[in-house]
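In: From the sequence below, what's the structure:
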Amino acid sequence: MLAARLLAARWPQARLEGLDSSAAMLDEAGYQVIEAGSGEAALECLDREGGRVGLMIADLAMPGMSGIELAQAVRFTRPEMPILFITGFAGASLPAEEAGPDKLLRKPFRAAELAARVAALLERRRDVAAIG
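Out: Residues are numbered from 1 along each chain as shown. As a prediction, the model looks like this:
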């Protein structure tokens, strides 16, 4: 059941500096993670992967396209896509159209917190699909 494919779009410098280990955390939790270093790369990946991506993780601060801008672009073609936003900025918040329970995770976070948020969003998506 955990073999869900996730797309992680985040600031590439964070990985180079060893500050972001979210992909490794999710891999250890049993998820298949595809990494994208920018919003544009994430959109290309979604086009390429089609419906095989079950959830996207977007850093609010990325070069070129913010996580919110990425989410807005994704909503045109994949409105059902669950998106977990991550941020290292204490004062960051989500716009009303993206706000919801468990949708914003603040850094630093533990592997268990990240895995729990991903599982909750995937479960919510399954529940909505079963109803619809």
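In: contacts, neighbours, all on C-alpha from now
Out: Noted.
In: Name the helix or strand of the protein that has the lowest mean pLDDT.
Out: helix 12-16 (a mean of 49; mean pLDDT, DSSP states H and E).
In: Quick check: buried residues in whichever helix or strand comes after that helix?
Out: Next in sequence after helix 12-16, counting helices and strands by DSSP states H and E, comes helix 22-28. Residues of helix 22-28 classed as buried: 22-23, 25-27 (neighbour count, 16 or more other Cα atoms under 10 Å).
In: Show me the helices in the protein, by range?
Out: 12-16, 22-28, 39-49, 67-77, 111-131 (DSSP state H).
In: how about these, which one is nearest Ala99?
Out: Each of the helices of the chain has some distance to Ala99 by Cα to Cα; the shortest is helix 67-77, at 10.9 Å.
In: Over the closest one, what's the mean pLDDT, rounded is fine.
Out: Mean pLDDT, helix 67-77: 93.
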